[in-house]
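[1] test case, fold it:
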Amino acid sequence: MNRRWRIFFKQSRSKLGLAGILTMLFFSMTAELWSHHLPLMMLRSPVAGQARKIYFPALKTYSVAEFGVTDAFTVDYRELLAKDHAEGLKTWALFPVNHWDPYIQSNEVLASPSREHWLGTDNLGRDVTARLLYGARVSLAYGLLYWLFSFAIGITLGAIQGYFAGTFDFLTERIKELAEIVPFLSIVILVNGLAKSQSFWITLWVVIAFAWISISSQIRAQFLSLRKRDFCEAARSVGASHTRIIFSHILPNALTPILTLSPFAISAGIATLAVLDYLGFGLNPPTPSLGELLSQGRVYITNAPWLLFAPTAVLAIILISINLIGESLREAFDPRRA
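    Numbering: from 1, shown residues only. A predicted model of the protein is given here:
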């Protein structure tokens, strides 16, 4: 096993894929540090001469009374900073490098890339850079959860099918056949319509209801071929339980398809969410979404081409990086390699 991991890490494409996906993970998972309209940290004394207090507005919500604001429901920290400086208070604030969050609308609708909006704005004046950062996080989280839950369900059912066979295997295979002929998009539309919502979790579980089938079939085939092997028969002859045989003898030998298929499952989850959002059946607006930006880019391709190019580039980097990792894993764990 160690030798196979060494083969994986020695490949140039695995290094390139890991560099790409880790970079995207880092910037998207720490998006608040790079793009937000609130200060990351603020030092302010309520009254001149008093000790300054530390605040973290981007991470914690403070009441307007905390800053002596009486004519608004929210605090405009830039205005507060300017007011404090005018009054001689030593207020200091650290803002992210991009001072927009994905929900703030400006008056600059479909503005081209500039120093104020690095990648321009969308049809509601929202900053594209911010929506890409936060949208990439949503996509990566969706892909990872898609992989985790679909593989957990698929491996569990496939293992039971392949090991015990019988009636459960027969009924599960019929359910798979039924699920494979059901129009997937129609079910997504129906469920979203009945739930009157297009939430992250509803969309995820509808997709997972179909996604577990392929991995279940892979694991079932592995268990059917391994359960009658000599090492399993030897374990039964000494009184090993079904649980011990499954987890200690069969499953470790069936890990290769799990490892090699995992990156492709993650990329499939990300691509599925992008397609659903592009078609308008994904997440509820105004949730940041790569697919939603792609949809806008198609509509405004002549007026605002950056709306199409920017999310396409981000989605391509994510999917290509994950697929490079998948190809490297497939080669490293190829059973034909000596």
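[2] helix or strand for Gln152, which one?
    Wrong residue type there; residue 152 is Ala, not Gln. helix 128-164 (DSSP states H and E).
[3] mind listing the helices for the stretch 201-338 of the chain?
    With helices called from DSSP state H, counting those that start in this stretch, the stretch 201-338 of the chain shows them at 230-237, 242-244, 255-279, 290-299, 306-332.
[4] kindly reformat these as TSV and extend each row with mean pLDDT and distance to Ile7.
    All C-beta atoms are positioned from the backbone trio N, CA, C, and that covers glycine. Output for the helices of the stretch 201-338 of the chain, formatted as TSV (pLDDT from 0 to 100; distance: least, CB to CB, whole Å):
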stretch	mean pLDDT	distance to Ile7
helix 230-237	82	25
helix 242-244	83	31
helix 255-279	89	13
helix 290-299	91	33
helix 306-332	92	4
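[5] could these go into a markdown table alongside distance to Ala93 and mean neighbour count?
    A markdown table is the format used below for the helices of the stretch 201-338 of the chain (distance: least, CB to CB, whole Å; neighbours: other CB atoms under 10 Å):
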| stretch | distance to Ala93 | mean neighbour count |
| --- | --- | --- |
| helix 230-237 | 65 | 12 |
| helix 242-244 | 58 | 10 |
| helix 255-279 | 34 | 20 |
| helix 290-299 | 30 | 21 |
| helix 306-332 | 29 | 20 |
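[6] buried stuff in the helix holding Ala152?
    Residues 128-143, 145-147, 149-151, 153-155, 157-163 are the ones in helix 128-164 that count as buried (16 or more other CB atoms under 10 Å).
[7] surely Asp101 forms part of a helix?
    No. Looking at Asp101 with DSSP: H, G, I helix; E, B strand; the rest coil, it is coil, so not inside a helix.
[8] ok, it touching Thr129?
    No. Counting by CB atoms under 8 Å, Thr129 is not a contact partner of Asp101; they are 10.5 Å apart.
[9] quick check, Ala93 in a strand?
    Yes. Under three-state DSSP, Ala93 sits within a strand.
[10] residue contacts, the nearest residue to it once chain neighbours are set aside?
    Of all residues not flanking Ala93 in the chain, Pro39 sits nearest, at 4.0 Å (CB to CB, 6 or more residues apart in numbering). By CB atoms under 8 Å, 6 or more residues apart in numbering, the residues touching Pro39 are 55, 57-58, 77, 93-95.
[11] pLDDT weak spots in the stretch 51-200 of the chain?
    Applying pLDDT under 70 to the stretch 51-200 of the chain flags residues 196.
[12] so for the residue nearest to Ala93, what's the pLDDT?
    Looking at Pro39, its pLDDT is 90.
[13] and it, how far from Pro311?
    Computed as CB to CB, to the nearest Å, the Pro39 to Pro311 distance reads 28 Å.
[14] repeat for Leu144
    19 Å.
[15] repeat for Ile325
    According to CB to CB, Ile325 stands 22 Å off from Pro311.
[16] same question, Gly166
    48 Å.
[17] what does Ser28 give?
    Taken as CB to CB, the span from Ser28 to Pro311 is 13 Å.
[18] ditto for Ser12
    27 Å.
[19] next: Ile246.
    For Ile246, the distance to Pro311 - CB to CB - is 43 Å.
[20] for Gln11, same thing?
    From Gln11 to Pro311 the distance is 29 Å (CB to CB).
[21] likewise Ser241?
    Taken as CB to CB, the span from Ser241 to Pro311 is 51 Å.
[22] over to Thr287?
    Going from Thr287 to Pro311 by CB to CB gives 14 Å.
[23] Ile54 - that's part of a strand, no?
    Yes. Read with three-state DSSP, Ile54 is one of the residues of a strand.
[24] could you find the closest non-adjacent residue to it?
    Leu43 is the one closest to Ile54 (CB to CB, 6+ apart), at 5.8 Å.
[25] dig out what the one you found forms beta bridges with.
    Ile54, Trp92 (DSSP bridges).
[26] so it is in contact with Lys53, correct?
    Yes. Leu43 sits in contact with Lys53 when judged by CB under 8 Å, with a separation of 7.4 Å.
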